[in-house]
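Q: Pasting a predicted model and its sequence here:
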Amino acid sequence: MPEGKNPAPEGRKMAPKATTKTDDLHAELVRIRETQERFVLVGERVITMLSVINDKADLLIEAATKDPGPSPVAKMLEAVLAALTEQSATLARLPAELAAAIHEDEEAGSEPADHIAWNDPDPEE
């Protein structure tokens, strides 16, 4: 370090440098420039967002002006309806078919079912 320049001792701050009107003007211009750069950045972001919104609105308007084509959902729903109708018809026939099966079993001379045998035996008996 040159001999004529001693840094301020640790713990002591150097006295503030005297400012001139030019220094004040320069600091104010720097502050204005930084503020302007922030405004430009925010403006660019707003313009980008508006551009995206505009593109989406154009796509929505384009889609809204077209006639809808055939939907695959309608065919799928028709298939589901057909399956449900078939199952409903099977369930509707089930009581009559069960009654006929029981009647045929009784006519064949089989013994009626022993419902007591279906229960688990009581270990205490």
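A: Sure thing, it's come through.

Q: Run through the chain and note the low-pLDDT ranges.
A: Flagging of the chain using pLDDT under 70 yields the residue ranges 1-18, 109-125.

Q: Pull the distance from stretch 71-78 to the chain's centre.
A: 25 Å (CA atoms, centre = their mean, to the nearest Å).

Q: Also stretch 33-42?
A: 35 Å.

Q: Buried ones in that stretch, by neighbour count?
A: Within stretch 33-42, not a single residue qualifies as buried, counting by 16 or more other CB atoms under 10 Å. Every C-beta, even on glycine, is put in place using the N, C-alpha and C of the backbone.

Q: and it, C-alpha only, in PDB?
A: C-alpha atoms of stretch 33-42 as PDB (Å, rounded to 0.1, in the frame of the first residue of the first chain):
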ATOM      1  CA  ARG A  33     -33.200   5.200 -15.000                       C
ATOM      2  CA  GLU A  34     -33.700   2.200 -12.600                       C
ATOM      3  CA  THR A  35     -37.400   3.100 -12.200                       C
ATOM      4  CA  GLN A  36     -37.800   3.500 -15.900                       C
ATOM      5  CA  GLU A  37     -36.200   0.000 -16.500                       C
ATOM      6  CA  ARG A  38     -38.600  -1.500 -14.000                       C
ATOM      7  CA  PHE A  39     -41.600   0.200 -15.700                       C
ATOM      8  CA  VAL A  40     -40.400  -1.100 -19.100                       C
ATOM      9  CA  LEU A  41     -40.000  -4.700 -17.700                       C
ATOM     10  CA  VAL A  42     -43.500  -4.600 -16.200                       C
END
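
Q: which SS class is the most centrally placed residue in the chain?
A: Centroid check for the chain by CA atoms, centre = their mean gives residue 56 as the closest residue, at 19.0 Å. Following DSSP: H, G, I helix; E, B strand; the rest coil, residue 56 is assigned to helix.

Q: From residue 62, how far out is it?
A: Distance, residue 56 to residue 62, by CB to CB, to the nearest Å: 11 Å.
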